[in-house]
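A.B. asks: Here's my sequence, what's the structure:
(one chain, ligands or ions: 1)
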Amino acid sequence: MTTQTKNSILIIGGGLLGLTIAYEFARNDFKVSVLSKNRSDSAGFVAAGMLATHAEGLENELLKFGQQSQSLIPEWINNIEKDSGINCGLKKCGIVVPFRNIEDLEKFPTFQYGRYLNQKDLQIEINGINSIWKHGLLFEQDGQIDNRRRLMRALERACSLRGVKFQEGSEVQDLKIEKNKITGVKVLCATGELKKINCEKAILCGGAWSKKIFNRIPVFPVKGQMLSIQGPTNVLKRIIFGPKTYLVPRDDGLIVVGATVEKDSKFSKGNTPNGINQLQEGIRSLLPEAINWPQMEHWWGFRPCTPDLKPILGKSNIENLFLATGHYRNGVLFSAITSDLIVKLVQNKTLEEIEKNFLEKFSLDRFEI
Ligand SMILES: Cc1cc2nc3c(=O)[nH]c(=O)nc-3n(C[C@H](O)[C@H](O)[C@H](O)COP(=O)(O)OP(=O)(O)OC[C@H]3O[C@@H](n4cnc5c(N)ncnc54)[C@H](O)[C@@H]3O)c2cc1C
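C.D. replies: Next up is the predicted model:
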């Protein structure tokens, strides 16, 4: 009798994309190892969890990418929930984008996908919305996942139960490249020990830190500060997505409020008085009564941004090193399609035209011409 050895894969970075991709490989019977510097740094524990393809006003291939990912999300979440036993809080709750004037509404890139709301309809959808908002678009197809309290933990659990090995506290310091192939990585372990870990194939999922790991990747951090308030249960049924602030209601009345967009922040840690003030101003401008609801937590994190705000996916110039980074504001939304594409690519599966097109548009090569 012959025993078949499993293909093995090394995931660099145990954040949202690292876990999602690790899980997909494990489901496809790969032997998977994840090296993670610090799980709590991950933007996956920071994000608001909105699935806001239309409310974000995505355009062109990003819009298609978001729509395609949204179509995969129910089955993706169903698998994670079945494996982990944890409900991930997926809800197609709809997102309302309010406008002060009709001209802005008509210019909104995804205008045609939304349902028009006049001021009376807006009040019905968002009870207590500030009267400065005269019009709105309701995107019923958009929604949310509770990434912070549920999805990340569900992914960790589902991965472990499928045999994924985690090395937490392992900082990848260098990639070992020989004859244009990655043979392993140099790792600083939590114990202070430096060691080399060999690999057959690797996926780089270093989030905002990706450039520190592989210098050719033009990813930089964009800091986002967030806070949460506790409202009465069911006080908001839709997400409100204002120009600078959004309010994301969870089932238990917790409302996640986001987020600052700080392009020059580098990796500066912590919440700031300015950041918190901006969020409070945002709450006041959207839902005035909510400013009196108790504040629960505040936190921050780093979005992995690229010069053209699009992700970097697929092959690198190193034969057996693949990339999944730069998901900027939409990593939760794009997780399902990213993991699906990367696993298919590594397995050399036949791709549909639209999938080939995504890989072409989001390839690292676009920055190197
Ligand atoms: C404030 C904010 C709000 C957001 N809201 C939303 C939203 O509503 N909807 C949405 O879809 N997306 C949202 N996002 C975006 C989403 O969170 C990110 O796009 C996504 O988390 C990126 O996943 P990632 O795995 O690439 O990075 P991360 O989740 O940040 O993970 C990267 C991991 O790599 C590890 N790492 C770094 N360097 C090394 C190294 N040298 N060696 C080993 N490991 C390393 C880090 O420790 C980290 O755990 C938001 C992000 C922020 C910051």
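A.B. asks: which residues of this structure score low on pLDDT?
C.D. replies: Where the chain drops to pLDDT under 70, the residues are 1-4, 369.
A.B. asks: residue contacts, the nearest residue to Phe220 once chain neighbours are set aside?
C.D. replies: Spatially, and ignoring its direct neighbours in sequence, Phe220 is nearest to Cys305 (5.6 Å; CB to CB, 6 or more residues apart in numbering). Quick note: C-beta positions are derived from backbone N, CA and C, even for glycine. If you count contacts by CB atoms under 8 Å, 6 or more residues apart in numbering, Cys305 has them with Ala208, Val219, Phe220, Pro221, Val222, Lys263, Gly326, Tyr328.
A.B. asks: can you rerun that using 10 Å?
C.D. replies: Applying CB atoms under 10 Å, 6 or more residues apart in numbering to Cys305 gives the contacts Ala208, Pro218, Val219, Phe220, Pro221, Val222, Val261, Lys263, Gly326, His327, Tyr328, Arg329.
A.B. asks: Show me this structure divided up by domain.
C.D. replies: Split into domains by automatic domain parsing, the chain comes to 8-86+148-219+308-367, 95-145+220-305.
A.B. asks: which of those domains is buried the deepest?
C.D. replies: domain 8-86+148-219+308-367 (a mean of 20; mean count of other CB atoms under 10 Å).
A.B. asks: Any part of that one near the ligand?
C.D. replies: Yes - judged by CB under 6 Å from any ligand atom, domain 8-86+148-219+308-367 and the ligand are in contact via 12-18, 35-39, 41-44, 46-50, 171-172, 205-209, 213, 325, 327-333.
A.B. asks: Could you report the distance from the residue of the chain found nearest the ligand to Leu364?
C.D. replies: Proximity to the ligand, evaluated over the chain using CB to the nearest ligand atom, is greatest for Gly15 at 1.6 Å. When distance is defined by CB to CB, to the nearest Å, Gly15 is 19 Å away from Leu364.
A.B. asks: same deal with Gly270?
C.D. replies: Distance from Gly270 to Leu364, counting by CB to CB: 32 Å.
A.B. asks: And for Leu313?
C.D. replies: Leu313 is 9 Å from Leu364, by CB to CB.
A.B. asks: Which neighbours do the two have in common?
C.D. replies: Contact criterion CB under 10 Å, 6+ apart; residues shared by Leu313 and Leu364: Leu323, Thr325, Gly326.
A.B. asks: Show me the residues you listed that map onto helices.
C.D. replies: With helices taken from DSSP state H, there is no overlap with the shared contacts of Leu313 and Leu364.
A.B. asks: still on that earlier bit, now do the contacts for the spatially closest residue to the residue of the chain closest to the ligand that is not a sequence neighbour.
C.D. replies: Among residues not flanking Gly15 along the chain, Ser42 sits closest, at 3.4 Å (CB to CB, 6+ apart). Applying CB under 10 Å, 6+ apart, we find Ser42 in contact with 13-19, 36, 147, 152, 205, 207-208, 301-302, 331.
A.B. asks: circling back: narrow the shared contacts of Leu313 and Leu364 to those in strands?
C.D. replies: Leu323, Thr325 (DSSP state E).
A.B. asks: so when I look at Val96, I'm seeing a helix, right?
C.D. replies: No - secondary structure of Val96 (DSSP: H, G, I helix; E, B strand; the rest coil): strand, not part of a helix.
A.B. asks: wait, it sits on Val248?
C.D. replies: No - using CB atoms under 10 Å as the test, Val96 is too far from Val248 to be in contact (11.7 Å).
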